[in-house]
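[1] For reference, the sequence and a predicted model appear below.
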Amino acid sequence: MTTILVLHGPNLNLLGVREPEIYGHTTLAEIDASLASLASELGVAVDCFQSNHEGALIDRIQAARGRTAAIVINPGGFTHTSIALRDALAAADVPVVEVHLSNVHRREEFRHHSFIASVATGQVLGFGADSYLLGLRAAAGLIAARR
Ligand code: DQA
């Protein structure tokens, strides 16, 4: 079955308790469960992984080579800092969808720049946990269009 890799970056393991006024009350486990259920509706599988470590995320992207058809990623704070993560995604050679729970453009200026955006097909941001579901739908659509 076609697999889509879903990556969650640093601090997203704290969803539900971390600044809920910005990120909402939904936990990461709940997001992963709703992604799995949408994936089965869409006829794909999801492989969800969270890490607070840049290198662990990069290792996972490299390990997915040839085994994943698309990547949905919320890079968290690495969005605004990581050229290494950007390079790993560029090398993955599959469509990338960048997602954010919050609308980063309505927040501090340092969140306005994304190193990931230039290697992503598109971004979904500002819809809370739904950003992930919209991102998964977009990724599945990109895979279908490639066939
Ligand atoms: C975030 C936005 C980032 O600026 C922040 O560092 C995060 C979460 C979001 O989903 O809104 O950790 O990626």
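    Happy to help now that I have it.
[2] contacts, neighbours, all on C-alpha from now
    OK.
[3] so where do the strands sit in this protein?
    3-8, 45-50, 70-74, 96-100, 122-125 (DSSP state E).
[4] near the ligand, which residues of the protein?
    Proximity of the chain to the ligand (Cα under 6 Å from any ligand atom) is limited to residues 11, 74, 75, 76, 77, 100, 101, 102, 104, 111.
[5] Please name the nearest non-neighbouring residue to the fifth one.
    Read that as residue 77. residue 10 (6.7 Å; Cα to Cα, 6 or more residues apart in numbering).
[6] do the same with residue 15
    Nearest residue to residue 15, sequence neighbours excluded (Cα to Cα, 6+ apart): residue 27, at 4.8 Å.
[7] Could you report the neighbour count for the one you found?
    Under the neighbour criterion other Cα atoms under 10 Å, residue 27 is assigned a count of 18.
[8] Going forward, count from 10.
    Shifting the count to begin at 10 puts that one at residue 36.
[9] Verify the stated contact: residue 89 with residue 113.
    No: contact criterion Cα atoms under 8 Å: residue 89 and residue 113 do not qualify, at 10.4 Å.
[10] Give the residue spans of this protein that score low on pLDDT.
    By pLDDT under 70, the chain has no low-scoring segment.
[11] centroid residue for this structure?
    The structure's the chain has its C-alpha centroid closest to residue 82; by Cα atoms, centre = their mean the separation is 1.7 Å.
[12] Thanks again, I'm all set now.
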